[in-house]
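In: coordinates for the following, if possible.
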Amino acid sequence: MTISYSLPRKSALLCRLRVTSLPGQRAQGRLTAGATVIRCALGPAGIVATKREGDGATPMGRFAILYGHFRPDQKLRPGGLNMVPQRRVDGWSDDIRSGQYNRPVRLPHRLSHEAMWRNDRLYDTVFVLDYNIRPRVIGRGSAIFFHLARPDYAPTAGCIAISAQDMRRLLPRLSRRAALCVEK
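Out: The predicted structure follows:
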């Protein structure tokens, strides 16, 4: 896939990012940001209308970027978005038995969770999407983020992931009102 890097002028902030899967490749997609097309990784089950916890699918819909986390010890710095520095104690509950399901938690946490400070660097810059947050439905899926992809663009657990290089180029262009529109 050819990727275009002609990002809009700085004054033209991006409010809508469109995500679609590639034909015949459920776990691979393209993220369109204005005139820019970026390769992205999706969940192994592809994009689905009805998501369930643990199904490996990326949910379809329009999801606001609520806020993000960044690793303060890394070079990838946030632009004008609502970002908070990560701490080693930051986690995210993905356990349907937890009253904190699909919410941030402090580590150590006794139930199943995602560690936000990761050794594989996928969450060096990570955005929380408004999926199953308001309202939250137990079992509809948790920890759906916009984050960094593995070098080989291996499938995510249901998130949308792009390269660190593409994230660096995209960050200064994202509006505080940015949303991802995930379509089949």
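
In: can you pull up the most central residue in this structure?
Out: The chain has residue 146 as the residue nearest its centroid, 1.1 Å off, counting by C-alpha atoms, centre = their mean.

In: quick check: which element contains that residue?
Out: Assigned by DSSP states H and E, residue 146 belongs to strand 145-148.

In: contacts for that strand, please.
Out: Here strand 145-148 makes contact (C-beta atoms under 8 Å, 6 or more residues apart in numbering) with 65, 121-129, 156, 159-164, 167, 180. (C-beta placed from N, C-alpha, C; glycine too.)

In: correct me if wrong: residue 38 contacts residue 162.
Out: Yes - counting by C-beta atoms under 8 Å, residue 38 does reach residue 162; the two are 5.4 Å apart.

In: pLDDT weak spots in this protein?
Out: Within the chain, the segments meeting pLDDT under 70 span 1-11, 76-80.

In: and the gap between the residue nearest to the centre of the chain and residue 122?
Out: Separation of residue 146 from residue 122 (C-beta to C-beta, to the nearest Å) stands at 11 Å.

In: which residues touch residue 114?
Out: Per C-beta under 8 Å, 6+ apart, neighbours of residue 114: 91-92, 94, 143.

In: sorry, slip of the keys, the one I care about is residue 18.
Out: 31-33, 180-181, 183.

In: please indicate which of those are buried?
Out: 31-33, 180 (16 or more other C-beta atoms under 10 Å).

In: of those, closest to residue 136?
Out: residue 180 (18.5 Å; C-beta to C-beta).

In: okay, and the beta partners of that closest one?
Out: residue 17, residue 63 (DSSP bridges).

In: i'd like the first residue to be 7 from this point on
Out: Sounds good: first residue 7 from here, last item residue 186.

In: that one touches residue 168, doesn't it?
Out: No - the criterion here is C-beta under 8 Å, and residue 186 misses it with residue 168 at 11.0 Å.

In: please enumerate the shared neighbours of those two.
Out: 37, 152.

In: skipping adjacent residues, who's closest to residue 70 in space?
Out: Spatial nearest neighbour of residue 70, chain neighbours left out: residue 136 (4.3 Å); criterion: C-beta to C-beta, 6 or more residues apart in numbering.
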